[in-house]
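Peer 1: sequence first, predicted model second:
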Amino acid sequence: MQGHEHSKIGGDDSISGDVGEMKMSDEKAPTMDHSKMQMPANDDAKSPGDGTEGMAGMDHGAMDLSAATRATGAQKFAWAFLSVVLLAAGLIFSATVVNLNLSARDVGGAIMPPGMIMLRDTPGDAMRDMAAVDPRQVTYVAPADARGDQELQPRIENGVKIFDLTTSVIKWNILPYEQVMAYAFNQQIPGPRIRITEGDRVRINVTNNLPESTTVHWHGLIVPNNMDGPAEITQEPIAPGQTYAYEFTTQQAGTYFYHTHDHVDRQQALGLYGAFIIDPKTPQNLPAYDLEYTIQLQEWLEREGYTYPAMLMEGGLPNFFTINGKAYPSTDTINMKVGQKIRIRFIGSNNNFVHPMHIHGGPFTIVETDGNIVPESARIEKDTVNVGPSERYDVIWTAREPGKWLIHCHIPHHTTNNNVEEEGGGGLTMIINVTP
């Protein structure tokens, strides 16, 4: 007990091991007045049984830790003020790099291409145009071996040739292992070929099943102004679910094509185009040829399962290229015999790049440009022709030697698939196989 003095133990006062008796000194121990002993008033005093018996009453001068760590009013104010300053600074910084006026509704949940530079003044409309195709909008998955540019057969009513075109969002294989999400006419890339004769009266019904409005322009054709197709200029856009009828009489012959003229940078880049071939009513002054083949060019941007409209801007540059909707080695092979001649119709159905298209095995003769016959005295021979967006060149090439002769773009990146060559090429490459 605290405050008691124990007698000394030792000598005669030792503890007897036989009987366990402890002898105390004859000296009388002093008496303690318990009424004068004060116990410390400590709320933290331990209760009996907590391992500190006999420690009650000892004043260790323990500090009140909760009081030592409690924030003062001035400290609380300082932290609150600093938090407000940092929050305001974050908002101001964000406002300098992004447009805080845009809401999720304005951009429609757009997924932007990796690396696309988006400045604070980039409008929501631009973001939607450059965004990935929404996979939830796909309504058709084409077979992996499906081909585009299939000739569309008309029905005839009262002497008018009637064609039906329907736009929709599809999945399309440009290679066996590479699938893009595309905007398509009649579920194919390119759209179906329309082939008619000079002087024909045609009616083309366009039904829009896209998630946005669209129109169709008949590139290079002489038509009534209200049939020309530019959205909001010569006609109201065709809203989703609506149909618009284009009707006109053809006055020309040659190689033409049709394409969207609403949100063109998006829709045409995603596949809304097709060949429009008009045969002459009377024979033209052209060299004879044995075969013909139409080449429609396109650029694609596909990243991590998303397809974006390829554009000439940071983050929008293409990584795949196609001829008639396929990349080499999935492009067609043209079979010829030595001595045969082929008419190749190059169509710049692509949106962005000039493609220097080269044919191996000897020169070709340019006989038509943009649907117009080149006078015989003005025809030249070349082995490469620059095909820009919307341009058409008709050339005649002669198979002079047996073997495999390439047609390809002479920009090396455009003859790769995502920067990789396959079986000697890729992208804008195809083979003419000439046998004896």
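Peer 2: Received it, and whenever you're ready, just let me know what you need.
Peer 1: and Asn351, that's in a helix?
Peer 2: No: counting by DSSP: H, G, I helix; E, B strand; the rest coil, Asn351 is not part of a helix but coil.
Peer 1: thinking it is in contact with Gln267, fair?
Peer 2: No: counting by Cβ atoms under 8 Å, Asn351 stays clear of Gln267, with 9.7 Å between them. Yep, even glycine has a C-beta here, placed from its N, CA and C like the rest.
Peer 1: what touches both of those two?
Peer 2: Pro309 (Cβ atoms under 8 Å, 6 or more residues apart in numbering).
Peer 1: averaged over its residues, which helix or strand of this structure has the lowest pLDDT?
Peer 2: Across the helices and strands of the chain, mean confidence by mean pLDDT, DSSP states H and E is lowest for helix 65-69: a mean of 61.
Peer 1: next secondary structure element downstream of it?
Peer 2: Sequence-wise, the next helix or strand downstream of helix 65-69 (DSSP states H and E) is helix 73-97.
Peer 1: what residues sit buried inside that next one?
Peer 2: Applying a neighbour-count criterion of 16 or more other Cβ atoms under 10 Å, one finds nothing buried in helix 73-97.
Peer 1: same question for that helix, mean pLDDT?
Peer 2: When pLDDT is averaged over helix 73-97, the result is 81.
Peer 1: hey, where'd the helices end up in the stretch 201-350 of the chain?
Peer 2: Using DSSP state H, counting those that start in this stretch, the helices of the stretch 201-350 of the chain run over residues 264-267.
Peer 1: for it, just list every one of the strands.
Peer 2: 201-208, 216-219, 243-249, 254-260, 273-279, 291-303, 306-308, 320-323, 333-337, 341-347 (DSSP state E, counting those that start in this stretch).
Peer 1: which of the ones you listed sits closest to Gly361?
Peer 2: Set against Gly361 and scored by Cβ to Cβ, the strands of the stretch 201-350 of the chain come closest in strand 333-337, at 10.2 Å.
Peer 1: look at Ala53 and report its pLDDT.
Peer 2: Careful, residue 53 is Glu; it's not Ala. For Glu53, the pLDDT comes out at 44.
Peer 1: ugh, wrong one, I meant Pro318
Peer 2: For Pro318, the pLDDT comes out at 97.
Peer 1: Asp394 versus that one, what's the distance?
Peer 2: Using Cβ to Cβ, to the nearest Å, one obtains 26 Å as the distance from Pro318 to Asp394.
Peer 1: quick one on the thing from earlier: hey, which of the strands of the stretch 201-350 of the chain is tucked in deepest?
Peer 2: Each of the strands of the stretch 201-350 of the chain was scored by mean neighbour count; the highest is strand 320-323, a mean of 27, by mean count of other Cβ atoms under 10 Å.
Peer 1: top strand in this protein by residue count?
Peer 2: For the chain, the strand with the greatest residue count under DSSP state E is strand 160-175.
Peer 1: now that strand: average pLDDT?
Peer 2: The model assigns strand 160-175 a mean pLDDT of 98.
Peer 1: quick one: distance of the following helix or strand past it to the chain centre.
Peer 2: Going down the chain from strand 160-175, the next helix or strand is strand 178-185, by DSSP H and E. Put simply, strand 178-185 sits 12 Å off its chain's centre (Cα atoms, centre = their mean, to the nearest Å).
Peer 1: go on, stretch 112-128?
Peer 2: With Cα atoms, centre = their mean, you get 12 Å for stretch 112-128.
Peer 1: ends of it, how far apart?
Peer 2: 9 Å (Cα to Cα, to the nearest Å).
Peer 1: residue contacts, Trp79?
Peer 2: Ala71.
Peer 1: cool, and Glu401?
Peer 2: So Glu401 contacts Val338, Gly361, Gly362, Val434 (Cβ under 8 Å, 6+ apart).
Peer 1: and these, which of them are buried?
Peer 2: The neighbour-count criterion (16+ other Cβ under 10 Å) marks Gly361, Val434 among these as buried.
Peer 1: quick one: which of the contacts of Glu401 is nearest Glu292?
Peer 2: Lowest distance from Glu292 to the contacts of Glu401 (Cβ to Cβ) belongs to Val434, with 16.2 Å.
Peer 1: confirm that that closest one sits in a helix.
Peer 2: No: going by three-state DSSP, the assignment for Val434 is strand, not a helix.
Peer 1: doesn't Thr398 make contact with it?
Peer 2: No: under the criterion of Cβ under 8 Å, Val434 is not in contact with Thr398, lying 10.0 Å apart.
Peer 1: ok, for His261, nearest residue in space, not its chain neighbours?
Peer 2: His217 (3.8 Å; Cβ to Cβ, 6 or more residues apart in numbering).
Peer 1: meant to ask about Gly388
Peer 2: Per Cβ to Cβ, 6+ apart, closest to Gly388 is Val354, 4.5 Å.
Peer 1: hang on, that neighbour packs against Asn386?
Peer 2: Yes: contact status for Val354 versus Asn386: in contact at 5.1 Å, counting by Cβ under 8 Å.
Peer 1: how about Asp149, secondary structure?
Peer 2: Quick answer, by three-state DSSP: Asp149 is coil.
Peer 1: count of neighbours near it?
Peer 2: Asp149: 21 surrounding residues under other Cβ atoms under 10 Å.
Peer 1: next up, the contacts around it.
Peer 2: When contacts are counted by Cβ under 8 Å, 6+ apart, Asp149 is found next to Gln188, Pro190, Gly191, Pro192, Arg193, Gly274, Ala275, Thr294, Gln296, Asn324, Gly325.
Peer 1: residues contacting the last one?
Peer 2: Under the criterion of Cβ under 8 Å, 6+ apart, the neighbours of Gly325 are Arg147, Gly148, Asp149, Trp172, Ile174, Gln188, Ile189, Pro190, Gly271, Gln296, Gln298.
Peer 1: are any of those residues buried, and which?
Peer 2: Buried by 16+ other Cβ under 10 Å: Gly148, Asp149, Trp172, Ile174, Gln188, Ile189, Pro190, Gly271, Gln296, Gln298, out of the contacts of Gly325.
Peer 1: quick one: the second one and Gly108, what's the gap?
Peer 2: Between Asp149 and Gly108 the distance is 32 Å, computed by Cβ to Cβ.
Peer 1: same check, this time on the fifth one
Peer 2: Between Gln188 and Gly108 the distance, using Cβ to Cβ, works out to 27 Å.
Peer 1: appreciated, that's everything.
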